[in-house]
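Novice: quick check, what structure comes out for this input:
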Amino acid sequence: MSFFDRLKKTLSTKIRNKATIDTLMFLFIWITLTSLLSVNYFPFKPLSISDVAPFDIAAPRSIEKEDKAGTEEAKMKAAKEVNTVYSIDTTINAKVLKSIEDSFAGIAEIQKVIKGDLQDGRDEAVLEIRQKIPIPMAEKTYTTLMNADPEFLENNMKLTVMNIIRGEMEKGIKDETLMISIKKAREKASALRIPSDYIAAISDMLGNAMKPNIIVDWNATIREQQRRIAEVKPITFEIPKGQIIIRKGELVTPKQIEILEEMGIYRPNIDIEGLAGAAILVVIVILIVLQYLKQHQPKIFQDDRLLFLLSIIVVAVAVISRWSTKISGFLTPIATASILVTMLMDYRLALFITAFLSILISIFTGNIAPGAVALITGTVAVLSVSKVTRRWDLITATLIVVVTNILSAGVFSLINKESLKMISINSFIWGGLNGTFSCLVAIGAMLFIENLFSITTNIKLLELSNPAEPLLQRLLIEAPGTYHHSIIVGNLAESAAQAVGADPLLSRVGAYYHDVGKLKRPYLFIENQLGMENPHEKLAPSLSTLIIISHVKYGLELAKQYQLPEPITDIIVQHHGTSLVAYFYHQAKMKCTESIIEEDFRYHGPKPKTKEAALIMIADSIEAAARSLSQPNTNRIENLVTQIINDMLKDGQLDECELSFKNINDLKKSFIKTMNGMYHTRIEYPEKIEKDISDAAKVRKLYTFAKPTNKLSQK
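Specialist: Model prediction:
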């Protein structure tokens, strides 16, 4: 019983519902991973403003920090450098021109009053009108205008004043340039060819009527300041890893607190958004992995033992990575999880886990480079160990992973424009250590995990294929014929497995052990008799059948005794399925007068459930039947293989395995090719073929072995 089985049995006394166990497992993973992701989101205030630092605080990582005060100062300077924007206020122009028109209109009205016949109230009317004239005038100017010809006043003087003022004011007049503009206007008036008293009157009106019309355009000024402020780039400064932020004994300043907060050392409040995001991310990833397992790996999905192991691997690597990122982001052992999941479960699942853990690393470090390095190295690790069939392959895979980690860490350091010293440290020190550590830990942990959880890995199969294994040694010494037969079946099954996408290593090793039950009474099986008298000739067919069938039961007992893994045990139990021991069945029918029950002469099954068990079943029958061919050749072997497979299909022995019709055709080709290579076949004359094939078919149907004397016996 594995560790997990014992643990589950203990828990089952208190928790009997599988759904409850699965829910607890889900919560364990979710809470643990969310906690790891959310460390930076919980409040943490080692120091406050004006505290005296009790020790030096150094930067745990390199960052590029914005100098907010410097940036604000630069923005204020840029705003101050903007020149005030002025614009001409056309309403002032209109008011000035209107005042000129009103002034001349007032003069004209006074002239009419003075020239009128009525004398009563004339002085009061003139005074009232004069007070309404908007442009102040000197007395002399007033007198000149009063005495001027009304037509000249309207068509000459008024138009002249308005044209001169309009020309000057359209250029724009500031307060400080008003006198200059008046001077220019008077110079234009003095150039007129009219009497001097009129020129003086016009000059007086120009001086009193003209007004500054250039004002500050605050809206335009503010827009220009905002544009200049937006152009100011943030002022930044780099804080390298290890630089002292606060020295012991210093008073902590707001700027230092800001840097600590940027570094993640100081957090005044809990970050609800970040915490929620981390929790949702973990849930999404878990659901994706579970959905993948449900659709493509149902065996893993339904096996709590493997789900528990997957949880432990992911959580353990995540915890170690969280700690190791404090040293360096390139020191995260993601490849450990990649290798373990590949060799213990499935390489496609390992790619999922590698991608997820790489995302975690990027979140932990706040930098995409360590996560990208972890993803590349983990993917290479998955590809390197997915087809391990020899121990040397593990060493090769380790070297590949180490080199990949070194190169990828160096490349991303170059992309980040690190110094040559940092590139060397990240690449050769952290990258090299990480690659080596990840592989060694994975290989060491795998040997421990496969025993703890009763999981069969390629490494375990390689160990079992060693001829020095105790059970194989017994088979070689006590049943040499069975041992030789098993080796040949292993070669046949391995080649066939490669042809149909089954596991070649499991097929070969399973074939080595499929007949270990014959160690119980090896001399009762024809391949071990070597010239001895066949004991079955003196036994009843029913008893011989029980002896033959019992080798499956004894094989299961030996598998438990020698702690063979479950896939090998399944092959031992399934390699005969429910097939008929035809030879003794037919003997019983000939010797007994009473009715014979066919089921009594069949193996107890079950039928092969996997491709590997089915391949060994077919290879076992082919190897046994082929030894009865007196002169094997291509045609005979081809017909023999085809007939054996067809017989198994008709008998329903291959109904429960995963072989498709295409697989069956590929199997035939593989077995024929391998058998031809083993027997070095030659072409024979057609007249001999029919008889020999017929004999071989009888051997298969009777399920017998051929003795050296070609006398038929049972298997």
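Novice: do you know how far residue 283 is from residue 290?
Specialist: Computed as CB to CB, to the nearest Å, the residue 283 to residue 290 distance reads 11 Å. Every C-beta, even on glycine, is put in place using the N, C-alpha and C of the backbone.
Novice: quick check, pLDDT for residue 8.
Specialist: Here the pLDDT value assigned to residue 8 is 50.
Novice: same deal with residue 523?
Specialist: Looking at residue 523, the pLDDT reads 84.
Novice: for it, the count of nearby residues, please.
Specialist: By the criterion of other CB atoms under 10 Å, residue 523 has 16 neighbours.
Novice: and it, what does it touch?
Specialist: 529, 532, 535 (CB atoms under 8 Å, 6 or more residues apart in numbering).
Novice: any of those buried? List them.
Specialist: residue 529 (16 or more other CB atoms under 10 Å).
Novice: please enumerate the helices of the stretch 351-500 of the chain.
Specialist: 368-385, 391-415, 420-424, 432-452, 458-464, 470-478, 480-500 (DSSP state H, counting those that start in this stretch).
Novice: and the ones you listed: which comes nearest residue 24?
Specialist: Comparing the helices of the stretch 351-500 of the chain by their distance to residue 24 (CB to CB), the top pick is helix 432-452, with 19.9 Å.
Novice: do you know how far the nearest residue to residue 471 once chain neighbours are set aside is from residue 570?
Specialist: The spatial neighbour of residue 471 that comes closest, neighbours along the chain excluded (CB to CB, 6 or more residues apart in numbering), is residue 562 at 4.9 Å. According to CB to CB, residue 562 and residue 570 sit 15 Å apart.
Novice: neighbour count winner among the two?
Specialist: Taking neighbours as other CB under 10 Å, residue 562 and residue 570 compare with residue 570 leading, 19 against 16.
Novice: need the contact list for the more buried one.
Specialist: 609, 610, 613.
Novice: how about residue 350?
Specialist: Residue 350 touches 337, 338, 339, 341, 342, 378, 382, 386, counting by CB under 8 Å, 6+ apart.
Novice: and those residues, which two are the farthest apart?
Specialist: 337 and 386 (14.3 Å).
Novice: higher neighbour count, the two?
Specialist: residue 337 (29 against 18).
Novice: which residues does that one contact?
Specialist: Listed by CB under 8 Å, 6+ apart, the contact partners of residue 337 are 313, 314, 317, 350, 353, 354, 357, 378.
Novice: correct me if wrong: residue 519 contacts residue 558.
Specialist: Yes - using CB atoms under 8 Å, residue 519 is in contact with residue 558, at 6.6 Å.
Novice: pLDDT score for residue 620?
Specialist: So, for residue 620, pLDDT stands at 92.
Novice: do the same with the one 10 residues further on
Specialist: Per-residue pLDDT puts residue 630 at 73.
Novice: so it sits in a strand?
Specialist: No - using DSSP: H, G, I helix; E, B strand; the rest coil, the secondary structure at residue 630 is coil, not a strand.
Novice: circling back: turn the contacts of residue 350 into a markdown table, including distance to residue 198.
Specialist: Shown next, in a markdown table, are the contacts of residue 350 (distance: CB to CB, whole Å):
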| residue | distance to residue 198 |
| --- | --- |
| 337 | 104 |
| 338 | 104 |
| 339 | 109 |
| 341 | 108 |
| 342 | 109 |
| 378 | 100 |
| 382 | 105 |
| 386 | 110 |
